[in-house]
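**Student:** Got a predicted model here, sequence first, then my questions.
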Amino acid sequence: MQLDCETPVGKQFIKDQHDVESLIERRYNVTVKTKTNKIEKYDADIYRKDSLIGVCEIKTRPFWNRKDKTPFTLDLLKKNGYLITAEKLDILQTKSLNEGVISCIFVKIPHENTVASIKVTDEKGNFLINFKKRFSKTKYSSNDYKGDTLRENAFIKYDPKTFNTFKY
């Protein structure tokens with residue numbers, strides 16, 4: 001069975017992830033190290049000098065609605081919040097708690113040449129975001145041919161205290 005990251009669409013998302021890693025490194029003067037295991041539960045560790053300072057999930061969102069080809073925009077993010085698989089927040093929280101570091105989500109918004117940064121937890125694993133979990137239907141993966149799935153998702157409310165953006 002082929003992993004999502006090994007398909008043409010998956011390879012593009014991995015390329016976008018590496019692009020975002022470079023943007024994060026330049027913006028925050030850190031080193032971002034991608035997890036090398038293809039089935040890792042989160043995307044990368046963040047280092048300053050030789051010290052681990054954070055863990056993160058990195059996403060690219062070209063579309064708000066892939067079926068309708070509605071572009072993902074910062075205005076839509078601010079108005080509607082951000083959806084992510086709930087398990088991702090649990091994983092980031094556990095890593096943060098175990099390692100004593102912050103956790104973040106970085107979202108590349110290609111239509112606006114912008115990256116949104118969402119600070120998820122503090123160094124003690126305490127959530128800094130306002131979110132609700134519920135089951136909803138979303139795309140199974142970046143590969144549309146795999147269809148939809150019903151899963152527990154987290155709906156993160158936009159808050160300027162935990163959401164920051166920068167242009168690239």
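**Tutor:** Ah, there it is.
**Student:** and the closest residue to residue 16 other than its chain neighbours, what pLDDT?
**Tutor:** Among residues not flanking residue 16 along the chain, residue 60 sits closest, at 4.0 Å (C-beta to C-beta, 6 or more residues apart in numbering). Where C-beta positions appear, they are placed from N, C-alpha and C, glycine not excepted. Note for residue 60: predicted pLDDT of 94.
**Student:** So what pairs up with residue 60 in the strands?
**Tutor:** Taking DSSP bridges as the rule, residue 60 bridges to residue 108.
**Student:** neighbours of it, just the number please.
**Tutor:** 20 (other C-beta atoms under 10 Å).
**Student:** Surely it and residue 20 touch.
**Tutor:** Yes. With contact defined as C-beta atoms under 8 Å, residue 60 counts as touching residue 20 (7.1 Å).
**Student:** Kindly point out which residues are neighbours of both of the two.
**Tutor:** By C-beta atoms under 8 Å, 6 or more residues apart in numbering, residue 60 and residue 20 have these common neighbours: residue 108.
**Student:** Mind checking the pLDDT average for the longest helix anywhere in the chain?
**Tutor:** The longest helix of the chain (DSSP state H) is helix 8-28. For helix 8-28, mean pLDDT rounds to 88.
**Student:** From the contact counts, what lies against it?
**Tutor:** strand 31-34, strand 44-48, strand 51-60, strand 102-109, strand 114-121 (3 or more C-beta pairs under 8 Å, 6 or more residues apart in numbering; DSSP states H and E).
**Student:** I am finished for the moment; much appreciated.
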